[in-house]
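K.L.:
coords please:
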Amino acid sequence: MKNLQELIKDRTARIGIVGMGYVGLPLAVEFAKGGFRVTGFEVDQQKVRDLKAGVSYIGDVPTAEIASLAEKGLLDATLDFSGLKKMDAVIICVPTPLRKSKDPDVSYIVASVKEARKYLRRGQLVILESTTYPGTTKELVKPMLEESGLKAGTDFRLAFSPERVDPGNKKYGVRNTPKVVGGLTPLCTKLAAMLYGSVIDRVLEVSSTEAAELVKLLENTFRAVNIGMVNELALMCHKLGLDVWEIIGAASSKPFGFMPFYPGPGIGGHCIPLDPHYLGWKMKTLNFEPRFIELAGAINSTMPDRVIERLGELLNARGKALSRSRVLMIGMAYKPDISDPRESPARDVLLLLEKTGAKADYYDPYVPETDLEGEVRRSRKDALKRLKDYDCVLIVTPHSCIDYADLAKKARLVFDTRNATKGLKGKNIHRL
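P.N.:
Have a look, this model is predicted:
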């Protein structure tokens, strides 16, 4: 019988991916394109039906690609987790949200590991990709899997490799984004790196699973802290009567020692609003106060309130109370040109608008509807043709398909939180 190294080399290793969402599906496709037979394990019946029908439900993955791989027998999906026993490598790509208390919610990881444990066999490689706190793989996943009677590092291999998916990024995808891998033992690291290296251009090995877990948290804590700093700068610039976008643009001309970050109505997505809290929670258990993380979180989380406050000031200056205004909010996704509204600050902004008494609509061609506090809200399809019906247009998430010059010309008042109207002038245009 071939060992795992041989199976990877000749691409006959069977790969099972638990969780076929924004992380799991692109990864599964990349392995299948590399010639491996991949099975996605899901609890969502609709995702399984779509994949079996050759249909993609994620914008970055073309349906034609799914259909071709499914037809060749390289990509399949199932609700039956007993198939994990046939897999040579099992990669866990499930969500890791936060509880309301900002504590890590690892329930999806626990549920997935319990399923993997039922069907764990000698020689398998298990890799966790879900973003989590340092120590999860060794302190949580390892003991759970070893309840099967098999020993990690001896009977089966265990590693962590952080996902680095950036929805909507046209330049960097799974293949050309370097992969970081840290195993429980040197052999665990080697085999995980070998597996990823068969379909990804560059793989970087680190010393442990904890190191690999912290790499991911550093990447997004770095962004959260710098975004918090520049959001505070935007508030300072408003007090000083300066244009924050001009300041950042000029500072960006320095060819060394400066990296531009940009302010906005808050932070969104599956990483930046959540990951720093995983690190912060872990450090608090070690009696260490993560002050930068908490300060950045406080600043970023109040930006939706600051947007509403500023919008009220702009309308008051025109003799109009926000509570009696009609507002069109542009954007519901958390970043431009994608259909992903996870943790989007636009959700908070819209709810805050409604709480003031304002009549608010939103327009986002990528997010036709979204659920806010149990109520479905729908994008106003004809909103751009009815700009005169609104007292203000609030740009929260810009999309490249929108003509902002035309919007600025027709709208009574534009409050742009993302510099979508850069270069446009007019008394009706105001920027964060």
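
K.L.:
any low-confidence regions in the protein?
P.N.:
Scanning the chain for pLDDT under 70 picks out 1.

K.L.:
Tell me which helix or strand the residue nearest the centre of it sits in.
P.N.:
Taking CA atoms, centre = their mean, the centroid of the chain lies closest to H270, which sits 2.9 Å from it. According to DSSP states H and E, H270 maps onto no helix or strand at all.

K.L.:
Surely it and P341 touch.
P.N.:
No: H270 lies out of contact with P341 (CB atoms under 8 Å); the separation is 10.8 Å. The C-beta positions use only the backbone N, C-alpha and C, and glycine is treated the same way.

K.L.:
what's near enough to touch D201?
P.N.:
R175, N176, P178 (CB atoms under 8 Å, 6 or more residues apart in numbering).

K.L.:
And what about V29, helix, strand or coil?
P.N.:
helix (DSSP: H, G, I helix; E, B strand; the rest coil).

K.L.:
To what extent is it buried, counted in neighbours?
P.N.:
26 (other CB atoms under 10 Å).

K.L.:
just P290 next, same as before
P.N.:
With other CB under 10 Å as criterion, P290 counts 18.

K.L.:
quick one: it from Y363, how far?
P.N.:
Applying CB to CB, to the nearest Å, the value for P290 to Y363 is 38 Å.

K.L.:
List the buried residues of stretch 95-113.
P.N.:
P95, T96, L98, P104, D105, V106, Y108, I109, S112, V113 (16 or more other CB atoms under 10 Å).

K.L.:
Can you say which two of these are spatially most distant?
P.N.:
L98 and V113 (19.4 Å; CB to CB).

K.L.:
Tell me the secondary structure at T39.
P.N.:
strand.

K.L.:
what's the spacing between it and M194?
P.N.:
Where M194 is concerned, T39 sits at a distance of 20 Å (CB to CB).

K.L.:
more neighbours, those two?
P.N.:
Taking other CB under 10 Å, T39 and M194 do not tie; T39 has more neighbours (23 against 17).

K.L.:
Distance-wise, check the more buried one relative to N419.
P.N.:
Applying CB to CB to T39 and N419 gives a distance of 44 Å.

K.L.:
What of F31?
P.N.:
F31 is 39 Å from N419, by CB to CB.

K.L.:
of those two, who's got more company?
P.N.:
F31 (26 against 19).

K.L.:
That one against R14, yeah?
P.N.:
No: using CB under 8 Å as the test, F31 is too far from R14 to be in contact (10.3 Å).

K.L.:
all helices for the stretch 251-400 of the chain, in order.
P.N.:
275-285, 291-301, 303-316, 345-356 (DSSP state H, counting those that start in this stretch).

K.L.:
Next, format the ones you listed as TSV and append distance to A251.
P.N.:
As requested, the helices of the stretch 251-400 of the chain are exported to TSV (distance: least, CB to CB, whole Å):
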stretch	distance to A251
helix 275-285	24
helix 291-301	19
helix 303-316	21
helix 345-356	24
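
K.L.:
Looking at those helices, which is nearest to V90?
P.N.:
helix 275-285 (22.5 Å).

K.L.:
show me what contacts the nearest residue to V165 once chain neighbours are set aside?
P.N.:
Once flanking residues are discounted, V165 sits nearest to V23: 5.1 Å by CB to CB, 6 or more residues apart in numbering. Taking CB under 8 Å, 6+ apart, we find V23 in contact with C93, E129, S130, E163, V165.

K.L.:
swap the cut-off to 7 Å and go again
P.N.:
V23 makes contacts with C93, E129, E163, V165, as judged by CB atoms under 7 Å, 6 or more residues apart in numbering.

K.L.:
got a list of what I66 touches?
P.N.:
By CB under 7 Å, 6+ apart, the neighbours of I66 are L51, G54, V55, S56, L75.

K.L.:
Mind picking the two most distant members of these?
P.N.:
Counting by CB to CB, the most remote pair of these is V55 and L75, 11.9 Å apart.
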